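# Got a sequence here, can you model it:
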Amino acid sequence: MQSRVYDPSPNLLVKRSTFIFDANGTPKHEIRKVKVKGHVDEVLELVKGL
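Next up, the predicted model:
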């Protein structure tokens, strides 16, 4: 069996995603490639529309 070593190199990519569910747990919105700037406002508008 081969062991793996964690390498915290700067080449690791972070992929941010947001999922919004309704009160019944049904997924309603999926946002990929999230950018921090403006994201909160975008999510608030989507949640208000549920």
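# Point to the residue nearest the middle of this protein.
The structure's the chain has its C-alpha centroid closest to Ser17; by CA atoms, centre = their mean the separation is 1.7 Å.
# For that one, which non-adjacent residue is spatially closest?
Here the nearest residue to Ser17 in space, its sequence neighbours aside, is Arg32; by CB to CB, 6 or more residues apart in numbering that works out to 5.2 Å. All C-beta spots, glycine's among them, are computed from the backbone N, C-alpha and C.
# Now do stretch 22-37, average pLDDT.
Regarding stretch 22-37, the rounded mean pLDDT is 93.
# contact partners of that stretch?
Stretch 22-37 has contacts (CB atoms under 8 Å, 6 or more residues apart in numbering) with Lys15, Arg16, Ser17, Thr18, Phe19, Ile20, Phe21, His39, Glu42, Val43, Leu46, Leu50.
# dump the residue contacts of Phe21.
When contacts are counted by CB under 8 Å, 6+ apart, Phe21 is found next to Pro27, Lys28.
# And it, how close does it get to Lys37?
Summarising the geometry, the distance separating Phe21 from Lys37, computed by CB to CB, to the nearest Å, is 24 Å.
# ends of stretch 29-47, how far apart?
With CA to CA, to the nearest Å applied, stretch 29-47 spans 9 Å between its terminal residues.
# Next up, phi/psi of the residue nearest to the centre of the chain, please.
Dihedral angles of Ser17 (phi, psi; degrees, to the nearest 10) stand at phi -140, psi 150.
# Roughly how far does it sit from Lys37?
Here Ser17 is placed at a distance of 16 Å from Lys37 (CB to CB).
# cool, Ala23 as well?
In this structure, Ala23 and Lys37 are 29 Å apart, going by CB to CB.
# next one: Gly25
29 Å.
# related to what we said a few turns ago, which of the contacts of stretch 22-37 scores worst on pLDDT?
Lowest confidence among those: Lys15, with 84.
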